[in-house]
Structures are given as C-alpha cells and as structure tokens.
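**Student:** let me see the structure of the following:
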Amino acid sequence: MKTALITGANKSIGFEVARQLLNEGFYVYLGSRSLENGLEAVQSLKNEGLDNVQIIQIDVTNQESIDSARAEIIKHSEVLDVLINNAGINGGMPQSALTSSVDVFKSVYDTNVYGVIRVTQAFIDLLKKSSEPRIVNLSSSQGSLTLASDESNKFYHFKGAVYQSSKAALNMYSIVLAYELRETLVKVNMVDPGFTKTDFNNHRGTGTVEEAAKRVTKYALIDNNGPTGKFYSEEFYPDGVECPW
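**Tutor:** The predicted model follows:
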C-alpha cells in the first residue's frame, strides 16, 4: 500500500486531497499543526469508512515538530511514496510592497517557503526508497511573474506583495529541487489548486475543494514517465498545458 504525507490536511483542500488519496488505496498520514483538529479530521474520514489514515501532528515552522513527525512515520514505514506540501498562509490582506512589514514577510515565508524546505529535506530519504516517489508543492497562479504582470489577467489587480512573492520563491525552490533530483525517480511538480472557496480567502473563491483537490491528486498519481519540475494551473491552462513562470 502506498503512503502519503499531506501537511495542513485537517481541513479544506488538504483534507479533500486526503480523502481522494484514501479512495485511491493510499495509507494517508494526515498532517495537522493542531492535534485536536487533526484528530477530528481523521475521525470524520473514518466515519466515511476510510480507515487507512493516521494523524501526524506537524508544524512546518518548527524543526522539532517535523523531526517528531518523521519519527512517528518511521515507526510504521521507512518508505514514503508521496509528499504533498499543502500547508500555507496568506499573511492577511491588504499587502503592500511599500508598507507591509518585514515581520509579515518573515511569517509568511516561514510557512510557505521555509516550511516546504524543512519538510522536504526531512523526508527526502524516505521518498527515495519509493518506486514511484512524488512531491507536489501547492503553488498559485499568483506566484507567476508572467501572469502577475499581464494586465489582461483577470486577477491582475489582486496584488499581495507578501503572498505572491512567497509563491514565486517556492516555485524557484521547486525548480532547483526537481533539477537536483533529475537522476532519481522523484518527480517534483507545482500545482495551483485555483481560486477555491475556503477559509484561506474568506470563502470568496469560486472553485470547489473537490475540483482543487483533483488537480493536486493528479500529480501525486503520475507514473515514472510523468513530468517533473513543471508548474500547472488548470484554472488558466487546462489539459496539462504548463503555466508560465
């Protein structure tokens, strides 16, 4: 049975990705910063008859928490097939390049960028033991420099200096990560789940969590002939067409 770790999976898109992977026959480590919220999420899935799920308490901004999560997973398996770096924050709005404090930048980057780095580095040895290892980093079309500077883009006026730059930084990290892993079986891809109606945007989004999760799950399930180092935003570019950087 394949295994997957999903960070920030106690609600919204991460929770639905967990559900979809469970339905695909995975054993899911449901990552949650809050133990209580994670346990509630696990029980909710088990109430649906999806039993192959386990809470993993993990705070991606805390190395000790990540190390503890790794130790807990190793108790069950020394192989991890899929890592989905889903945990993220937006830092609150509005965000200005002129007035947003460096402290806000640091806080958002600590989760959206450094958190991904911490978790990836902690679990890469387990992933390399898999026959089909996959890393899916949740990005955003807002992290595309091309789209952000395109006045015809429907989200052109939705600017957030902190959040957007964190996702652009995540994209570059992911490119380099995929490059360094190019001679291994590990596939690394960035996926924009789309403007989804969740707590993340105060439910202003237009897409569903089911649709968003399908976009993420798709790249967790690719075979060894699948892409790596690519950036996908099906909201803008359907049918596997790459999103511009």
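**Student:** and the strand or helix carrying G14, what's buried?
**Tutor:** In this structure, G14 sits in helix 12-23 according to DSSP states H and E. Applying a neighbour-count criterion of 16 or more other CB atoms under 10 Å, one finds S12, I13, G14, F15, E16, V17, A18, R19, Q20, L21, L22 buried in helix 12-23. All C-beta atoms are positioned from the backbone trio N, CA, C, and that covers glycine.
**Student:** pretty sure the fifth one is in contact with V209, am I right?
**Tutor:** Yes. Using CB atoms under 8 Å, E16 makes contact with V209 at a distance of 4.5 Å.
**Student:** next structured bit after the helix holding G14?
**Tutor:** strand 27-32.
**Student:** which of the three states applies to L5?
**Tutor:** What DSSP: H, G, I helix; E, B strand; the rest coil gives for L5 is strand.
**Student:** that one: how many residues sit nearby?
**Tutor:** Number of residues near L5 (other CB atoms under 10 Å) recorded here: 27.
**Student:** thought it was touching V79?
**Tutor:** No. L5 lies out of contact with V79 (CB under 8 Å); the separation is 11.5 Å.
**Student:** where do the contact lists of these two overlap?
**Tutor:** With contacts defined as CB atoms under 8 Å, 6 or more residues apart in numbering, no residue is adjacent to both L5 and V79.
**Student:** which SS class is N137?
**Tutor:** Assignment for N137 (three-state DSSP): strand.
**Student:** how near is it to T120?
**Tutor:** 8 Å (CB to CB, to the nearest Å).
**Student:** of these two, give the one with the bigger neighbour count.
**Tutor:** N137 (26 against 19).
**Student:** can you verify my assumption that that one contacts V188?
**Tutor:** Yes. Between N137 and V188 there is a contact at 7.1 Å, judged by CB under 8 Å.
**Student:** who touches both of those two?
**Tutor:** By CB under 8 Å, 6+ apart, the residues touching both N137 and V188 are S174.
**Student:** quick one: G115 from E132, how far?
**Tutor:** Distance from G115 to E132, by CB to CB: 24 Å.
**Student:** ramachandran angles for E24?
**Tutor:** phi -90, psi 0 (degrees, to the nearest 10).
**Student:** once you drop chain neighbours, what's closest to it?
**Tutor:** The spatially closest residue to E24, leaving aside those adjacent along the chain, is L221, at 6.7 Å (CB to CB, 6 or more residues apart in numbering).
**Student:** need the three-state assignment for I55.
**Tutor:** I55 ends up strand, using three-state DSSP.
**Student:** so what sits opposite it in the bridge?
**Tutor:** L30 (DSSP bridges).
**Student:** CA-only coordinates of the helix or strand V119 falls within in CSV, if you can.
**Tutor:** Element membership for V119 (DSSP H and E) is helix 114-127. Extracted C-alpha coordinates of helix 114-127, given in CSV (Å, rounded to 0.1, in the frame of the first residue of the first chain):
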residue,chain,number,x,y,z
TYR,A,114,11.0,27.6,4.6
GLY,A,115,8.3,25.1,5.8
VAL,A,116,8.4,23.3,2.5
ILE,A,117,12.2,23.2,2.6
ARG,A,118,12.2,21.8,6.1
VAL,A,119,9.6,19.1,5.4
THR,A,120,11.1,18.1,2.1
GLN,A,121,14.6,17.8,3.5
ALA,A,122,13.3,15.8,6.4
PHE,A,123,11.5,13.2,4.3
ILE,A,124,13.6,13.0,1.1
ASP,A,125,15.5,9.9,2.2
LEU,A,126,12.1,8.1,2.8
LEU,A,127,10.9,9.3,-0.6
